[in-house]
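1. Need coordinates for the below:
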Amino acid sequence: MAFWQIKSDFSQALSASDHQHSAIDGLRAIAILMVMAFHSLYIAHFVLPKQVFTDLVMNLPFGLGVMLSFDKAVDGFFVISGFLLATSLLNSSRQGHVIDFWRFYRKRLYRILPLFLLALTLYAAAAWKGDWFTLLMNLFFMENNFPQADKLIPVGWSLAIEMQFYLLLPILLALSGRFLPYVLVAILVLAFALKPLIIFSEPALYQVSILTYLTGQAHPDLLLDTLYYPTWIRFDPLIMGVLAAWLWVNHQSFLQRYRTSLFHTGWILMALSMLFPDHRQVEVVYPLLNGLGLAYHRTLFAVGITLLILVLLLPLAQGAIQGLNRFLSARFWRSWSEMVFPLYLFHFPMLAIAAVMVLGTTDIEAIKHISYAQIGLIFVVGSSLSWLLSMVLHLLIEKPFHRHGRA
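-> Residues are numbered from 1 along each chain as shown. The predicted structure is shown next:
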């Protein structure tokens, strides 16, 4: 690859956003930082005795407890993916073009496969136990729906959901035609109804506070295999993104008319969703509150961020909306957004290296305590190392293949 091309790609990654959806750069960058902060906290889960980690989580200082909800950032990624991909396809359809399935799939494969195969090779070398079913399920993006298959890439389950969505999206748009909004609403209604049905069919889910899983007091497999990994419990944010794209392409005047109301509704829903899980357990309303919280806390977050995306991308913003738009469109966020895929794939080993650097040992048995300051330092060092590695991968692998896929 020519040096001038690498230099150009590097400059582009550090430059200010110059596209219509520049505020999404900030949202995507903040989302990946939230994921890394969440996993920085859970580094302690792997190295501390169970009760010590439980005490660490339950005694999080006021304001830091929200970190327990930072994994909702993945739902933000889903909404953004659904919105951006559907917007592109719907705009093309509105201009009279037929969906080019091969072009769509080709771009996705060139965008995903090179770094994915590299990640799968490296993670499998470290964790694969010779189970060929596990390897095949991971290779074909299906491991999230099979509890018996190990997740070789720690975040591979969410990538599997996205790839399944990529496969179905153009088919959904082509078959739905002018009935698309009704189809999307029907899917969302089904998704919203399915969640409590699954949760309240399993007493061990709704009768136990989610904090018992998050603190390691209860084994998390039931929660993860039932409510966290499967496609059917996590696809609604992607559909919300598609519905938002349809509104954006066809009804911007409606969105403008209710812009302020949508903005306030969006941030309030996101704030409410971040309160779950909470340190305080209102025992008088358990298990109902716990069950409903499990069912809809991610839904509230996804609806909230969907509304914010629609509002922020509208032209002629004023007041708080304009200020938030400028903040999210700031140059600082661009590189994090551009490299979000390698950051997402490879931040785990970088956080592990950061933990060794901060804690000063690789001997887990010697670690009896981790302070909140050390967790913060692990996040800072780990995210910095992740950024450096991701820049190299972005310039040498991701960008060249992405460019070739668009050719």
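2. Point out where the stretch 151-300 of the chain drops to low pLDDT.
-> Across the stretch 151-300 of the chain, the ranges flagged by pLDDT under 70 are 278-286.
3. Output the helix or strand encompassing residue 166 as CSV, nothing but the C-alphas.
-> Assigned by DSSP states H and E, residue 166 falls within helix 156-176. C-alpha atoms of helix 156-176 as CSV (Å, rounded to 0.1, in the frame of the first residue of the first chain):
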residue,chain,number,x,y,z
GLY,A,156,-18.6,-11.9,19.1
TRP,A,157,-22.2,-12.6,20.1
SER,A,158,-23.2,-9.0,19.3
LEU,A,159,-21.3,-9.1,16.0
ALA,A,160,-23.3,-12.3,15.2
ILE,A,161,-26.6,-10.4,15.8
GLU,A,162,-25.5,-7.6,13.5
MET,A,163,-24.4,-10.0,10.7
GLN,A,164,-27.7,-11.8,10.9
PHE,A,165,-29.4,-8.4,10.6
TYR,A,166,-27.2,-7.5,7.6
LEU,A,167,-28.4,-10.7,5.9
LEU,A,168,-32.1,-10.0,6.4
LEU,A,169,-32.3,-6.2,6.1
PRO,A,170,-32.3,-5.8,2.3
ILE,A,171,-34.7,-8.8,2.0
LEU,A,172,-37.0,-7.1,4.6
LEU,A,173,-37.0,-3.8,2.7
ALA,A,174,-37.5,-5.5,-0.6
LEU,A,175,-40.4,-7.6,0.5
SER,A,176,-42.2,-5.0,2.6
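4. and residue 131, what are its phi and psi?
-> phi -90, psi 110 (degrees, to the nearest 10).
5. residues in contact with it?
-> Applying CB atoms under 8 Å, 6 or more residues apart in numbering, we find residue 131 in contact with 149-150. Heads up, the C-betas are built off the backbone N, CA and C, glycines and all.
6. how does it look with 7 Å?
-> Contact criterion CB atoms under 7 Å, 6 or more residues apart in numbering gives residue 150 as the residues in contact with residue 131.
7. Give me the residues contacting the one helix or strand residue 134 maps to.
-> Assigned by DSSP H and E, residue 134 falls within helix 132-139. By CB under 7 Å, 6+ apart, the residues outside helix 132-139 that reach it are 120, 124, 128, 143, 146, 149-150, 152-153, 156.
8. Any quick ChimeraX command for the buried ones out of these?
-> Listed next is the ChimeraX selection for buried residues among the contacts of helix 132-139, using 16 or more other CB atoms under 10 Å:
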select :120,124,128,143,146,149,150,152,153,156
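9. Looking at the contacts of helix 132-139, which are in helices?
-> The members of the contacts of helix 132-139 that map onto helices under DSSP state H are 120, 124, 156.
10. Contacts only, for the second one.
-> Same thing as residue 124. 135, 152.
11. how near is it to residue 346?
-> For residue 124, the distance to residue 346 (CB to CB, to the nearest Å) stands at 14 Å.
12. try the first one
-> From residue 120 across to residue 346, the span is 12 Å (CB to CB).
13. Ok, the last one next?
-> Here the criterion is CB to CB. By it, residue 156 lies 12 Å from residue 346.
14. Check which residues of stretch 167-178 are buried.
-> Buried, per 16+ other CB under 10 Å, within stretch 167-178: 169-170, 172-173.
15. Figure out how far that stretch is from the centre of its chain.
-> 23 Å (CA atoms, centre = their mean, to the nearest Å).
16. And stretch 92-102, by the same measure?
-> 28 Å.
17. Numbering from 15 from now on, please.
-> Noted, 15 is the first residue going forward, which turns the last one into stretch 106-116.
18. Quick one: residues contacting the residue nearest to the spatial centre of the chain.
-> Most central in the chain under CA atoms, centre = their mean is residue 88, positioned 1.8 Å from the mean C-alpha point. Residue 88 is in contact with 49, 172, counting by CB under 7 Å, 6+ apart.
19. For it, what is the enclosing helix or strand?
-> helix 87-108.
20. between that helix and helix 170-190, how big is the angle?
-> 30 degrees (axes from the mean of the first three to the mean of the last three CA atoms, to 10 degrees).
21. in helix 87-108, what's buried?
-> Buried residues in helix 87-108 (16+ other CB under 10 Å): 87-101, 103-104, 106-107.
22. which intervals of the stretch 315-421 of the chain have sub-threshold pLDDT?
-> Scanning the stretch 315-421 of the chain for pLDDT under 70 picks out 421.
23. let's see it at 80
-> 330-331, 418-421 (pLDDT under 80).
24. Would you map the strands across it?
-> Under the criterion DSSP state E, counting those that start in this stretch, the stretch 315-421 of the chain contains no strands.
25. And the stretch 165-314 of the chain, by the same measure?
-> Using DSSP E, counting those that start in this stretch, strands in the stretch 165-314 of the chain do not occur.
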